[in-house]
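Engineer: sequence first, then the predicted structure:
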Amino acid sequence: MSAQVINGKEIVSAYRAEIKEQVDALKDRGVQPGLAVVIVGDDPASHVYVRNKAKACEEAGMHSEVYKLPEATPEAEVLELIGKLNADASIHGILVQSPLPKHISEERIVESIDPLKDVDCFHPVNVGNLMIGKEGPAPCTPAGVIEILKKIGVEIAGKHAVVIGRSNIVGKPMAMLLLREHATVTVCHSRTQNMEEITRQADILVAAVGRPKMINRSHVKPGAVVIDVGINRLETGKLAGDVDFDDVLDTAGWITPVPGCVGPMTITMLLRNTLESAQRTAH
Ligand code: GUN
């Protein structure tokens, strides 16, 4: 039987409509949520992502500011800009698009952002809060995956969830959020032995490896929910996920398309984090 392809467009537009309603309610109380995005350098893919983030913000009725800095910008100048944004009451979320040029320390930049405005949830304070289950932002991509699972009505508690990938942005926080939802969680990575044996035990399989079409039907238990976080540009110019969609289609129970599901849901979570940051200041 063929898997149900998760309708990302429908989930995302319903979610964004809810966010917009809450933005309008907050505006009625005199607060317009504001997001500042900082991008350094000319990476074309990063510029596309940043444009999409700013556009989504405006469509949700939020204020957005994009700071495009040249590749050679000294780190001190970026830090100075972040200091100004930290002090700016009209800005509730600050996001510095990565990757940054090599002469700039991602660590110093992330640590300079006020944790209350860290809508990526990359600041060590927020990473720590996530670990101990404290209220606050969750990183956008893994938070989006949890919302997708909830929207399609998949029970997470008690299920075996396998995450492939251990990055700080996706794999590790993904495991933590699944654990928070009471899944039994296994994390696989490049040194994992007999990976297929492990992934075939997964009720929920999250692929976040960054290698096109690496996951095929031999990795998937029949009926499993397969969430593809990967977005890889092929030599042909087409986009492909980490999952070989066509190969897995007859084995999985549910599967996300790439593009059009996890990507737009990630931006939706950025809107949610910015909104919630603004709501906290309005209390
Ligand atoms: N580069 C790729 N993904 C992300 C993200 O989620 N946040 C930031 N700041 N940079 C990114």
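Structural biologist: That came through, no problem.
Engineer: who touches the residue of the stretch 101-250 of the chain found nearest the ligand in this structure?
Structural biologist: Residue of the stretch 101-250 of the chain nearest the ligand, by Cβ to the nearest ligand atom: residue 120 (4.7 Å). Using the backbone N, CA and C atoms, a C-beta is placed for each residue, glycine as well. Applying Cβ atoms under 8 Å, 6 or more residues apart in numbering to residue 120 gives the contacts 95, 110, 137, 139, 140, 270, 273.
Engineer: give me the pLDDT for it.
Structural biologist: Here, the pLDDT recorded for residue 120 equals 98.
Engineer: and what of residue 166?
Structural biologist: Value listed for residue 166 in the pLDDT field: 98.
Engineer: from here on, call the first residue 9.
Structural biologist: Fine by me, first position is 9 from now on; the one you just mentioned is residue 174.
Engineer: I'd say it and residue 184 touch.
Structural biologist: No - between residue 174 and residue 184 there is no contact under Cβ atoms under 8 Å: 11.6 Å.
Engineer: A helix includes residue 154, no?
Structural biologist: Yes - using DSSP: H, G, I helix; E, B strand; the rest coil, the assignment for residue 154 is a helix.
Engineer: surely residue 155 meets residue 279?
Structural biologist: No - counting by Cβ under 8 Å, residue 279 is not a contact partner of residue 155; they are 11.9 Å apart.
Engineer: okay, and the residue in the stretch 59-208 of the chain positioned nearest to the ligand sits in which element?
Structural biologist: Using Cβ to the nearest ligand atom, the single residue of the stretch 59-208 of the chain nearest to the ligand is residue 106, 3.9 Å away. Residue 106 belongs to no helix or strand when elements are defined using DSSP states H and E.
Engineer: please apply the same query to residue 138.
Structural biologist: Counting by DSSP H and E, residue 138 is part of helix 132-139.
Engineer: how about the backbone phi and psi for the residue most central in space within the chain?
Structural biologist: The centroid of the chain falls nearest to residue 149 when counting by Cα atoms, centre = their mean (1.7 Å). Note on residue 149: backbone dihedrals following degrees, to the nearest 10 are phi -70, psi -50.
Engineer: that one against residue 179, yeah?
Structural biologist: No - taking contacts as Cβ under 8 Å, residue 149 lies outside contact range of residue 179: 9.9 Å.
Engineer: joint contacts of the two?
Structural biologist: What both residue 149 and residue 179 touch, as defined by Cβ under 8 Å, 6+ apart, is the set residue 216.
Engineer: picking up where we left off before, what's the closest non-adjacent residue to the residue of the stretch 59-208 of the chain closest to the ligand?
Structural biologist: Nearest non-adjacent residue to residue 106, counting by Cβ to Cβ, 6 or more residues apart in numbering: residue 114, 6.0 Å away.
Engineer: show me what contacts the one you found?
Structural biologist: 106, 107, 108.
Engineer: now residue 203
Structural biologist: Contacts of residue 203 (Cβ under 8 Å, 6+ apart): 172, 196, 227.
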